[in-house]
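Enquirer: My questions are about this predicted structure, shown below with the sequence.
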Amino acid sequence: MAETLKVAMPKGRIYKKASALFREAGLPIPEEVDESRKLVIPLPELGMEFILAKPVDVPTFVEYGAADIGIVGKDVMMEENRDVYELLDLGIARCRMSVIGLPDWKPGIQQRVATKYPNVASQYFREQGQQVEVIKLNGSIELAPLIGLSDRIVDMVETGQTLRENGLVEMNSIFEITSRLVANRVSYRMKNGQIQSLCDRLQKVISASE
Amino acid sequence: MTKPKGFEKPSGVRDYVPYAVSKLRRIERDVLDCMSRWGYRQIMTPTMEYYDTVGVASSTSDRKLFKLLNNRGTTLVLRSDMTAPIARVVSSLLKEEPLPIRLSYHANVFRAIEEEAGREAEFFQTGVELVGDDSPEADAEVVALAIESLKAAGVSSFKIAMGHVGFLNGLFDEILPGSTEAQQSLKEGLLSRDFVGFRKTISELGVTDEQRNWLEGLLRLRGGQEICDQALELSGHPLARASISHLCKVWEVLEAYGVSEHVLIDLTMIGDFSYYTGMTFEGYASELGFPVCSGGRYNNLLKQFGRDVPATGFALKTNRILDGVNGVQEAAVLPVLVRYDAAHRKEGLAEAARLRAQGQSVVTLLIDGDHTGPDAAQPGATSQAYGEVITYGGSLG
């Protein structure tokens, strides 16, 4: 009997898409798990255990080996810079990281950028040869340019709906985001058979949908 | 920063209370004994080294080195590993010693790493360096010794992944001749364990479908001896083929050692390219989230200290093993308590000396008439903390 595979799943937006992908790959995740408020969900018939974490914490759980594998957006991977294996592009929760501002934006003397992703933003502007002041916010980033906290923001854009409704425009796209399957360095070796077979099953579904 | 509170210490360093020390010493002793049985002699080097010699030569990136200035303004580093200091010693003090030289060590090393639990600024490494032997036999010896050392340390379930830097160098050079930039980005994909990025780089290279399949197939090249045969089919590049045949020979020797069950060949296993020159390996234990040992061949290091000889070695991450190994706790030996009153001091101390000479741990205690210490007040506590209580003097109950 193989050991249980501990899977860190992101709560919220990505979770349903990820569990749907698992089901397509022939891993029947019970529907009631989607609605459950439990944080640790044993799935003995699949040889797995789901750990429901805040998306930004998924790579942390995986890096320390508290979870063997995890599903996490590329945005979090870029921001958190954790030492884990990035095994598979799941092709779900597709969106992009962008620089956003008011349509009449002009470079001011003191440029401020508000974001939930300070590392991503700092690195991007450094590569662009621009020195900016990065302000870390935790939500409703779009508010910042509207009320004069910052002149631009760096944030995830999915449909652009929120931007349009608030009169903001996407100025540059920084990178494309999809969810990734990541693995702990030790688990990747010690539970390689299980992880590889999960990878293969998911890959098949992903390739078919491309 | 606010003034630290009295109990605080810099982040990334830790205290070892007696219980932890006895465990650490047990691991250290058993592992060093094991290495000594393989003919490795222990060496000690200073905690501080010059930045321009050992600091620059070490495989640790510059920003992770602890740097300090001495009173002349010269930059020093706290050693970040033992390999570079040993290379310095082998090239200077031990210059006349005939090769091969086998050295072992147990030492604290320092890394300036982000403040977070599990990423320590000071930690222990126990390891070996085998200098002056370029053969597969030598590479297999250090892998086999790493396996024996992990067993000696009490790690029960572990695996070693072994790769070869030369195979990837050769294969990439064959498929992408001359384009060092593309080769570099492929290597970086593997080094940062970003397989998604690796595949993306491949798809952007404009290589043939066949080459693309080869490159993507790399990510699946894991297993035993059969991997060597598969890899030989992948590449006709002389460097790649030489590397694989070297790895095959290492595998054969490991089979002869009877330890190949613990080893798997993984050709994506790459250490730092600028440092390792041949076989590289890493060890994993199921109880721990981080690798427990790493090593490989570094034939270019000693040259930097003026003695151009090949070398191979490994280090166990002893702290991590300490955190993970629980089963092999030794029963703590309780000391004997010798109590005496003032009139019987001489007899009491003589008995203590006799027991100590026999190797016993003995604590002595003077009890006078109005003694109100905890031991006198609570005889029950006494018997718990001591293996035996011997009393000299009539008035003691």
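Expert: Here it is on my side, so go on. Numbering: from 1, shown residues only, chains lettered A, B, ... in the order given.
Enquirer: which parts of chain B sit against chain A?
Expert: Contacts of chain B with chain A, taken as C-beta under 8 Å from any C-beta of the partner chain, map to B:118, B:157, B:159, B:161, B:193-197, B:199, B:220, B:222, B:264, B:266, B:284-286, B:288-291. (Glycine included, C-beta is placed from N, CA and C.)
Enquirer: Where strands are concerned, which of these count?
Expert: Those of these mapping onto strands are B:159, B:161, B:222, B:264, B:266, B:284, B:285, per DSSP state E.
Enquirer: Throw these into a markdown table and include pLDDT and neighbour count, thanks.
Expert: Below are those laid out as a markdown table (pLDDT from 0 to 100; neighbours: other C-beta atoms under 10 Å in any protein chain shown):
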| residue | pLDDT | neighbour count |
| --- | --- | --- |
| B:159 | 93 | 19 |
| B:161 | 93 | 23 |
| B:222 | 82 | 19 |
| B:264 | 91 | 19 |
| B:266 | 88 | 25 |
| B:284 | 94 | 24 |
| B:285 | 92 | 23 |
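Enquirer: And the residues you listed, which two are furthest apart?
Expert: Within those, B:222 and B:285 form the most distant pair, 18.3 Å apart (C-beta to C-beta).
Enquirer: now the helices: where do they sit in chain B?
Expert: Taking DSSP state H, the helices of chain B run over residues B:18-37, B:56-57, B:83-91, B:136-153, B:165-175, B:180-191, B:195-203, B:209-217, B:226-234, B:238-257, B:318-324, B:345-357, B:374-377, B:379-385.
Enquirer: count of neighbours near residue B:66?
Expert: When neighbours are counted by other C-beta atoms under 10 Å in any protein chain shown, residue B:66 registers 18.
Enquirer: Now for it: which residues touch it?
Expert: B:77, B:78, B:80, B:110, B:111, B:112, B:121 (C-beta atoms under 8 Å, 6 or more residues apart in numbering or on different chains).
Enquirer: Then residue B:297?
Expert: Contacts of residue B:297 (C-beta under 8 Å, 6+ apart): B:139, B:276, B:277, B:278, B:279, B:280, B:310, B:311, B:312.
Enquirer: Distance check, it against residue B:227.
Expert: Distance of residue B:297 to residue B:227, given as C-beta to C-beta, to the nearest Å: 19 Å.
Enquirer: quick check, nearest of the contacts of residue B:66 to residue A:168?
Expert: Once C-beta to C-beta is applied, the member of the contacts of residue B:66 that ends up nearest residue A:168 is residue B:112, at 40.6 Å.
Enquirer: hey, what's the residue nearest in space to the middle of chain A bridged with?
Expert: For chain A, the residue nearest the mean C-alpha position is residue A:73 (1.8 Å; C-alpha atoms, centre = their mean). Judged by DSSP bridges, the bridge partners of residue A:73 are residue A:179.
Enquirer: okay, it: pLDDT?
Expert: For residue A:73, the pLDDT comes out at 95.
Enquirer: re the thing from before, which of the contacts of residue B:66 tops the neighbour count?
Expert: residue B:77 (25 neighbours).
Enquirer: For the nearest residue to residue B:41 once chain neighbours are set aside, give its distance to residue B:296.
Expert: Nearest in space to residue B:41, with sequence neighbours left out and distances taken as C-beta to C-beta, 6 or more residues apart in numbering or on different chains, is residue B:103 at 6.0 Å. With the distance defined as C-beta to C-beta, residue B:103 ends up 16 Å from residue B:296.
Enquirer: Ok, residue B:30 next?
Expert: Taken as C-beta to C-beta, the span from residue B:30 to residue B:296 is 24 Å.
Enquirer: again with residue B:219
Expert: 20 Å.
Enquirer: Show me chain A divided up by domain.
Expert: A:5-93+A:178-209, A:95-176 (automatic domain parsing).
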